[in-house]
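Colleague: Give me a 3D structure for the following:
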Amino acid sequence: QIIDVSSWSRGPLETRGLRAKQWIVDPGGTFWLRKSHRDRSPSEPAIECLALRLARASGLDAAEAYPCTWNEKGVEHRGMVVRKFLSPMEELHSGSQLLGGLDPLYDPTAHPQHTVERALAALHSVEKEPGALTEPFLRMLAFDTFIGNGDRHQDNWSVIRSSDAAPRLAPMYDPAGCLGAELQPNHPLVAGIPTRDDVAQYAANCPSGFGDGTRMVRLSEVGAALEGEPGWSSALTTVRDGVRQAIAGLPSYLEAVPDDWYPLGLRALGAMLLEHRLNDS
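Modeller: Predicted coordinates for the structure are as follows:
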């Protein structure tokens, strides 16, 4: 559903990330992060919320989010709201913080240094029980594989820590770079009728947010790098089964989202990409 948050109370601005963000409070006192969309990606809020909805329906821990509108000085704005998933006693430690704690020479601005191997090593270094952090992380990467999320950079995954509980992986958030969200309405894949080869070629070029130490790598290369990782094959199978069941609900998820938020051509492409990756990965 699309929520009008014009009347919600305003909290502090959130400075992390590239999009304009502000904490707001609903009438029941719950905090939500309001995120503006980028002009070049008008369908991003609907697609990001859809990806998170699919993740939850597939059995993953993912943030709760909805497309939203708000009126400011007579101008209507569009974006999305994400429910706060931290309790007052918890702290969020981003991937870049964990990687820096593992290696003091780690440079978060040198994006190719964000490798899958380093990410797993950082999680291993702070988990209290074997697999407590790495197993849900692998399931998240498996889900990224199926939706084609090309932006799982070092600040798009985190660990939640508190003084009275073991660290846990934060719910999935920011899966905006997927299902063709960056494509404009006049792009041939959106405005035309893409063939299977068109879909396969687009999927093959999907980025990942990870590097290999010297360059950024594609999403398919992340999967190849994980082939020998214990738990990866199981994560792929479990998540694939979950996504296959979840996509049956796609029509109901989208029935309240108007075409100008999520054009029909982009919806059709997203469905084709999902089916291709589920069969090919």
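
Colleague: all helices of the stretch 1-150 of the chain, in order?
Modeller: Secondary structure of the stretch 1-150 of the chain (DSSP state H, counting those that start in this stretch): helices at 44-57, 95-102, 116-126, 134-147.

Colleague: What mean pLDDT does the third one get?
Modeller: The average of the pLDDT scores along helix 116-126 is 97.

Colleague: related to what we said a few turns ago, any chance of the helices of the stretch 1-150 of the chain in a markdown table, plus mean neighbour count?
Modeller: (Each C-beta comes from the backbone N, C-alpha and C, glycine too.) Output for the helices of the stretch 1-150 of the chain, formatted as a markdown table (neighbours: other Cβ atoms under 10 Å):
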| stretch | mean neighbour count |
| --- | --- |
| helix 44-57 | 25 |
| helix 95-102 | 19 |
| helix 116-126 | 18 |
| helix 134-147 | 24 |
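
Colleague: So for residue 183, which of those helices sits nearest?
Modeller: Among the helices of the stretch 1-150 of the chain, the nearest to residue 183 by Cβ to Cβ is helix 44-57 (10.4 Å).

Colleague: how much space between the residue positioned nearest the centre of the chain and residue 105?
Modeller: Residue closest to the mean C-alpha point of the chain, counted by Cα atoms, centre = their mean, is residue 175 at 1.6 Å. Counting by Cβ to Cβ, to the nearest Å, the gap from residue 175 to residue 105 is 30 Å.

Colleague: ok so, going back, in a markdown table, list the helices of the stretch 1-150 of the chain along with distance to residue 170.
Modeller: Below are those laid out as a markdown table (distance: least, Cβ to Cβ, whole Å):
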| stretch | distance to residue 170 |
| --- | --- |
| helix 44-57 | 13 |
| helix 95-102 | 10 |
| helix 116-126 | 12 |
| helix 134-147 | 9 |
